[in-house]
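Enquirer: model this:
(one chain, ligands or ions: 1)
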Amino acid sequence: MILILFGPPGVGKGTQAKILSSQMKIAHIATGDILREAVSRATEMGKKAKAFMDRGELVPDDVVIGIIQDRLKEDDARSGFILDGFPRTLPQAEALDKVFRKAGIKVDHVISMEVDRGLLVKRLTARRVCRNCGSIFNLLIDQLNDSVCPRCGGELYQRDDDKEETIARRFEVYQKQTKPVKDFYRNKNMLVEMDGLGEIEEITSRLKNILK
Ligand code: AMP
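Expert: Numbers count the residues shown, from 1 in each chain. Okay, the predicted model is just below:
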């Protein structure tokens, strides 16, 4: 199964991709996670990416396309994968198309999760992530004790780019650079738009219905 999960910041792509990848035993490939890891390890790529991420802007296409090309070569991607947060620009979508065509890979589904922007801003500012296991929580729904991860005891933190001042910029970037990717897949008759509003389990079953 090859699935591209698409949608604006905070729509729940990461949460759903994690659930589906563990249930379906396929890789979860999130460029945002790979970049954050590179930033925290202060690699050359991480240092280059950090300034863009802190401003809520996109990391240059050549960097992320390189990340994806390397990641797709790893063993766990052989049995299928979910792309979360990639492609995010037209050049990325075109590059991916080329890689897939060359490798004879067929995308099974491109699902765009849709939620009203006002709610997304509320969700993003309330998002907390575990520094240790990467679990995602939300102050609006999860009962959290201090800043401790209920799954592993790790420290919960707020992503720098989830702070209010950066969120506005991320939406601008989404509107201008990422939304055209939707038309790219729509023109290929590959796009399914899905209401992303509801409880986590509800959204998972909505997604699974499309994947059936
Ligand atoms: P995310 O975790 O998907 O919200 O990504 C966090 C940040 O990482 C984004 O705001 C971008 O700065 C960067 N990023 C993640 N994926 C991409 C991508 N496909 N292209 C460019 N930048 C990306």
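Enquirer: so residue 59 lies in a strand, does it not?
Expert: No. Under DSSP: H, G, I helix; E, B strand; the rest coil, residue 59 falls outside any strand and is assigned coil.
Enquirer: now do the contacts for the residue of the chain found nearest the ligand.
Expert: Here the chain gets closest to the ligand at one residue, residue 32, 2.1 Å apart by Cβ to the nearest ligand atom. Every C-beta, even on glycine, is put in place using the N, C-alpha and C of the backbone. Applying Cβ atoms under 8 Å, 6 or more residues apart in numbering to residue 32 gives the contacts 14, 84-85.
Enquirer: just put those in CSV and tack on neighbour count and distance to the ligand.
Expert: Shown next, in CSV, are the contacts of residue 32 (neighbours: other Cβ atoms under 10 Å; distance: Cβ to the nearest ligand atom, whole Å):
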residue, neighbour count, distance to the ligand
14, 20, 7
84, 24, 7
85, 22, 3
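Enquirer: could you report the neighbour count for residue 69?
Expert: By the criterion of other Cβ atoms under 10 Å, residue 69 has 12 neighbours.
Enquirer: determine whether any part of the host helix or strand of residue 48 lies close to the ligand.
Expert: Element membership for residue 48, per DSSP states H and E: helix 44-54. Yes. Using Cβ under 6 Å from any ligand atom, helix 44-54 comes into contact with the ligand via 52-53.
Enquirer: what residues of the lengthiest helix in the chain count as buried?
Expert: Secondary structure of the chain read by DSSP state H shows that its longest helix is helix 90-103. For helix 90-103, burial by neighbour count (16 or more other Cβ atoms under 10 Å) applies to 91-93, 95-96.
Enquirer: then stretch 64-73?
Expert: For stretch 64-73, by 16+ other Cβ under 10 Å, it's 64-65, 67-68, 71-72.
Enquirer: picking up where we left off before, most widely separated two among the buried residues of helix 90-103?
Expert: Pairwise distances across the buried residues of helix 90-103 (Cβ to Cβ) peak at 9.7 Å, for the pair 91 and 96.
Enquirer: next, show the common contact partners of those two.
Expert: Joint contacts of residue 91 and residue 96 (Cβ under 8 Å, 6+ apart) are residue 65.
Enquirer: about what we covered before: next helix or strand past the longest helix of the chain?
Expert: Defined by DSSP H and E, the subsequent element after helix 90-103 is strand 109-114.
Enquirer: mind listing residues that contact that following strand?
Expert: Taking Cβ under 8 Å, 6+ apart as the rule, strand 109-114 contacts 1-7, 11-13, 16, 182, 185, 190-196, 203, 207, 210-211.
Enquirer: now which of those residues would you call buried?
Expert: Among these, the ones that count as buried by 16+ other Cβ under 10 Å are 2-7, 11-13, 16, 182, 185, 191, 194, 196, 203, 207.
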